[in-house]
Each structure stands twice: as structure tokens, then as C-alpha cells.
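1. Sequence and predicted model, in that order:
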Amino acid sequence: MPPPALRSLGISLRPDPGRVLLRPFHSMSDQRALAICARVMALPESQVRPLLARLLAEFQGRHRGLREFLKMRFDEVRPYLPAGEPPSEERELLLGAYFSSEFAFEGAALFNPSLVPHPDQRGAAAGALRFLLSLRATGEGHVSSIVFRSGTLDAGARIVLDAASEYGAEPAAEPGASFEKTEFERHLEEIGLAGGLCHQVLKTLGPRFTLQELTTHVRLALQQLRAPNAETEAQARQILLLARSNYTVKFDPDSPLAERVLFPATPSQSNGIEDARFVRFQDDSKQGTYYATYTAYDGRRIQPQLLETSDFLEFKFTTLSGAAVQNKGMALFPRKIGGRYAMLGRQDYENIYLLFSDHLHFWSTAQLLLAPAFPWEFVQLGNCGSPIETAAGWLVLSHGVGPMREYCIGAFLLDLGDPGKVIGRLRQPLIAPNSRDRDGYVPNVVYSCGSLLHEGQLVIPYGVSDCTVAFAAVPLGDLLAAMR
């Protein structure tokens, strides 16, 4: 049976290179930083004021809090100042500007969206649903971050997007983040760091500890060794890297959703936070919690990770560990099954696997669920977001890779009580690249990270050629019928 006809929702999102973040400018040695500070400090005051005035006139309208950011950057580079009289306020801001830059976080692409119900449904008309859309934004150096939009779906699955913002804002790191010793030790065991230096460090820490406490105890343990070798120093770096990969950030409550940017903040994410798959989790103890699996990329290695939020203001980043935490594209089921967490993922680059776990952060085993069967997916199979619960079963959108590395979107159905059982599958793609949207940053790709069921319609946002975003809808009944 052919796939059902899709209805285009007539909306597209394109990257806006005019949206920029204020970022520290770090690409210089200590020697160069000292030289820059010396040059700026040598300027006569009569030149400092007009230079700063021009800079503020050019950039003030592009950012909120420009002066505050420049002052913060000055405070961070203050140690490079030559000895002498302290600089004026104008010179401080000018110095801060020499160590600052703009980053066009969606200058190259805006794609791979994920769609979930908005946590705040106030103001939604009868039959309408407020939604929240996450997107992968890519800028200079192919560095990816997570950005957000919001809007409303009416009863006919028509979309109205809320206004975008011309600004971008990063969150602040939450002070005083702490770690649970038992869980942290288990993460270390999963990455092969149990015993040795790790044991020496952990035995001196309490049941909960902060990053600062951990850093201090790691240094003390190295000092006690007197002559640490390369292996123990590497272990020390890995211990601290693990801790820094688990952190919490919070946006200013007054910041509009469309301004919030989750930009890479740790070494494991240094080249990108990619393809977040958001899902609203349904559990008595976790009502109102949203999770997102994403891929952290440091330019060489990929690492599946987890995001948690209840309000899209505060976000907790957590490491996923275990033998089954492999490859890209892990996607969490929206509730426990049989009292256990469930996840879809890939252990290789070809097949879809099903994972179960008693702990959200640790995944040890996986069973093969689905293998390529049709020509449009012979190269690779993967999911396109978290499973969606329907009366007929767990509906999963998939992606398949075929000839010419063409990515298509398909679908399959899993048994509600036993998701290891596939009970339906499209034989042909639901969405395939066509002549209108074949070209882009990465040609011949359609891809989604999460769809939404509303009033009997499956609403599918999808990336087009890793560049832009389109939206389509299909009646759920028609889709299910095509899979039987």
C-alpha cells in the first residue's frame, strides 16, 4: 500500500545570519594578550572615548547588555594589564571589546527540529495547542547549538508561529552544582576508570560534592603521589572532564524563549550540541519533565547525552553511560514500559535497537529491533524522534539512507505492551527529497527529531538538506492504515 498523502503546512524557517551572540574571543596566546593590553593601555584618553563611542554606536542595537558583557570580559583579562594606573571606565570597556567577538549561531543552517507541547498552555483556544519547537542552529566552523521557537496548532493542524527575536542570549551557569558520589562512581566505572586514582579521590569526598571540591581533591591526590605518571595525569583529566560534562544552566526569566541559545559549554560539546530529540515524559514522579537526548561532538568523537528541563529556563546536562550508549540518535520513550525506561538507538551505523534500563543515566544492553529492508534504507536506518503513543501502538518516524546518500523519512509501529515487536511498517518513504528541496548545505536530506500528534493529525517538522525547516501533516488514521 502506498504511503498516505502529506499536506504541506506552507511554513518554512530559514537561518538568519543577523542573529548573533556575544562570545569571548580566545584565539590568542598569553603573549599576544599581554601585547594587546599594552597597546590599548598606551592609547591617550582622547582616543579611547571616540573609539568606544563608535563601537557602542555600531553594536549596542545588536545585543542586550553589551556594556555589561564588555565589563565582564575586562575583568577576565585584567591579569594581563601592565603595572601602573588603573584604567578609566571607558578604557575598561574598550579593552573588553578587544577580547570579545560575535558569533552568528545560525549563520550557516537551521534544521532538524523537534516538536513538543508547550509547558504553558494559557491562552490557547478550544481545540488548539501551544507548542515548543527546538532546532539545531549551525554557525561558523560548523558549531551547532540548540535554539527555540514557539507557536500554536489549531484543531485543523494549521500553524501560527510566534514572532522570532533579533537577539540571542546564553544562559548563566548555576552556582553550587553538586554530584552524588554513588552515581558519579558508577559513571567512572562505565568508562573504565574504577580504582587507582579514582578510588583515592572518591574515598576522601562526602556523599555529595561540588566541582570545586572534586578539583581540590584530585590535585591533592596527585600531590600525594609525588611523581604522577602520564597515566594518572590522564585519569585526573578524565575525572574532571566527566564532572564538567554534568552541569546546570539557567536563562534570565525575562528572556523570551526565541532568544535562548544552548551553546556548547564543555570540551565534549566543543564542536556542537547536535540533533536534540525532546519528549515530554509521563510519570507520576516526573510530571511536567521534558527530556532531550542529543549528540555532543568535540570535533573527533561523538557522545550521546541527556538534557532535562521543566520550564525551558533551567536545563540540566547529564552524561549517559553504559555499553549500549553508542552512536547517534538515541530517543527516549515518553513513559516507562513495564516499570523500566525505554530507548531507541543505534549500536552500529545500520540498524535500530531497543534499550531498557532501570536508571535513566545508564544503559547496558540492547536488542536488535529493525534492520534495513527496502531499497531507500539499504545504507542505514535510524529514528526521527521519540516514539508517539497511539491506541494502535507506538508510532515511530524513521530515517532511511539510500542511493546517492539520500535521506528519506519513513514510519513503523511497535506493540504497546511489547515494543520489541514490530507490528507495522511503511514499505515506501513518507517524505523524500524532491526537486524543490533537494539542494542545501547537505543535499538530498530530509530529517526530523520529533513530531507531534494533535486532533488526529501527525504534525511533522523536518529539516531540508541540513539547511532549512519545513512542516507537513498527515491524518493518523491514514498513516496507520498504510502500515497494516
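-> Perfect, thanks for sending it. Remember, it's a predicted structure, so these values are computed and weren't measured experimentally.

2. In this structure, what helix or strand scores lowest on average pLDDT?
-> Lowest on mean pLDDT, DSSP states H and E among the helices and strands of the chain sits strand 172-173, with a mean of 83.

3. centre of the chain versus that one, how much separation?
-> Relative to the centre of its chain, strand 172-173 is centred 16 Å away, using C-alpha atoms, centre = their mean, to the nearest Å.

4. With stretch 448-456 instead?
-> With C-alpha atoms, centre = their mean as the basis, stretch 448-456 stands 19 Å off its chain's centre.

5. on that earlier part again, so after the least confident helix or strand of the chain, what's the next helix or strand?
-> Downstream of strand 172-173, the first helix or strand assigned by DSSP states H and E is strand 178-180.

6. Show me what that next one is packed up against.
-> Judged by 3 or more C-beta pairs under 8 Å, 6 or more residues apart in numbering; DSSP states H and E, strand 178-180 is in contact with strand 208-210. For the C-beta atoms, the positions are set from N, CA and C on the backbone; glycine is no exception.

7. Mind doing that once more with 10 Å?
-> Identification of packing neighbours for strand 178-180 by 3 or more C-beta pairs under 10 Å, 6 or more residues apart in numbering; DSSP states H and E yields helix 181-190, strand 208-210, helix 211-225.

8. Show the average pLDDT along the last one.
-> In this case it means helix 211-225. Helix 211-225 shows a mean pLDDT of 91.

9. list the helices and strands that helix packs on?
-> Using 3+ C-beta pairs under 10 Å, 6+ apart: helix 211-225 touches strand 178-180, helix 196-202, strand 208-210, helix 230-244.

10. Within the helices and strands, which one has residue 354?
-> Assigned by DSSP H and E, residue 354 falls in strand 352-357.

11. Let's see that strand as PDB, backbone CA atoms only.
-> What follows is strand 352-357, C-alpha atoms only, in PDB (Å, rounded to 0.1, in the frame of the first residue of the first chain):
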ATOM      1  CA  ILE A 352      17.600   0.300  15.100                       C
ATOM      2  CA  TYR A 353      17.900  -1.200  18.500                       C
ATOM      3  CA  LEU A 354      15.700  -1.200  21.600                       C
ATOM      4  CA  LEU A 355      17.200  -0.500  25.000                       C
ATOM      5  CA  PHE A 356      15.700  -0.900  28.500                       C
ATOM      6  CA  SER A 357      17.100   0.400  31.800                       C
END
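
12. Please name every helix or strand in contact with the helix or strand that comes right after it.
-> Downstream of strand 352-357, the next assigned helix or strand under DSSP H and E is strand 366-370. Applying 3+ C-beta pairs under 10 Å, 6+ apart, one finds that strand 366-370 makes contact with strand 341-345, strand 352-357, strand 380-383, strand 393-401, strand 407-414, strand 422-425.

13. closest to residue 53 out of the ones you listed?
-> Of all the helices and strands packed on strand 366-370, strand 407-414 sits nearest to residue 53, with 50.5 Å by C-beta to C-beta.

14. Let me know the angle separating the closest one from strand 352-357.
-> Calculated by axes from the mean of the first three to the mean of the last three C-alpha atoms, to 10 degrees, strand 407-414 forms an angle of 50 degrees with strand 352-357.

15. what is the mean pLDDT for strand 407-414?
-> 98.

16. and the angle from that strand to strand 341-345?
-> 150 degrees.

17. now the protein, which segments are flagged as low pLDDT?
-> 175-176, 227, 285-287 (pLDDT under 70).

18. what does the domain assignment say about it?
-> 7-16+109-170+256-483, 23-103, 178-244 (automatic domain parsing).

19. returning to that earlier point: buried deepest among the helices and strands packed on strand 178-180, which one?
-> helix 181-190 (a mean of 17; mean count of other C-beta atoms under 10 Å).

20. just to revisit the earlier point, of the helices and strands packed on strand 178-180, which approaches residue 141 most closely?
-> Closest among the helices and strands packed on strand 178-180, once you apply C-beta to C-beta, is helix 211-225, at 27.2 Å.

21. which residues touch residue 320?
-> Residues in contact with residue 320 (C-beta atoms under 10 Å, 6 or more residues apart in numbering) are 187, 190, 293, 296, 303-306, 330, 343, 345, 357, 360-363.

22. Tell me which of the domains of the chain is the most buried.
-> domain 7-16+109-170+256-483 (a mean of 19).

23. Kindly export stretch 80-87 (C-alpha atoms) in CSV.
-> Taking C-alpha atoms only, stretch 80-87 is exported to CSV below (Å, rounded to 0.1, in the frame of the first residue of the first chain):
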residue,chain,number,x,y,z
TYR,A,80,47.2,40.8,31.5
LEU,A,81,47.4,44.5,32.3
PRO,A,82,50.8,46.1,32.7
ALA,A,83,51.6,47.6,36.0
GLY,A,84,50.5,51.2,36.5
GLU,A,85,47.5,53.4,37.0
PRO,A,86,44.1,51.6,36.8
PRO,A,87,42.2,52.3,33.5
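
24. Helices of this protein, start to end?
-> Secondary structure of the chain (DSSP state H): helices at 30-42, 45-59, 66-77, 89-98, 181-190, 196-202, 211-225, 230-244, 476-483.

25. Distance to residue 384 added to the ones you listed, as CSV?
-> Putting those into CSV (distance: least, C-beta to C-beta, whole Å) gives the following:
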stretch, distance to residue 384
helix 30-42, 46
helix 45-59, 39
helix 66-77, 38
helix 89-98, 43
helix 181-190, 28
helix 196-202, 38
helix 211-225, 36
helix 230-244, 30
helix 476-483, 13
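
26. which stretch among the helices and strands packed on helix 211-225 comes nearest residue 282?
-> strand 178-180 (24.7 Å).

27. How far off centre is that closest one?
-> For strand 178-180, the distance to the chain centre is 22 Å (C-alpha atoms, centre = their mean).

28. quick one: contacts of it?
-> For strand 178-180, contacts defined as C-beta under 10 Å, 6+ apart pick out 185-187, 205-211, 213-214, 242-243, 246, 248.

29. swap the cut-off to 6 Å and go again
-> Residues from elsewhere that reach strand 178-180, judged by C-beta atoms under 6 Å, 6 or more residues apart in numbering: 208-210.

30. Out of those residues, which comes closest to residue 229?
-> Once C-beta to C-beta is applied, the member of those that ends up nearest residue 229 is residue 209, at 25.5 Å.

31. Bridged to the closest one, which residues?
-> Applying DSSP bridges to residue 209 gives these bridge partners: residue 179.

32. quick revisit: what is the most widely separated pair among the contacts of residue 320?
-> Farthest pair in those, by C-beta to C-beta: 296 and 357, 19.4 Å.
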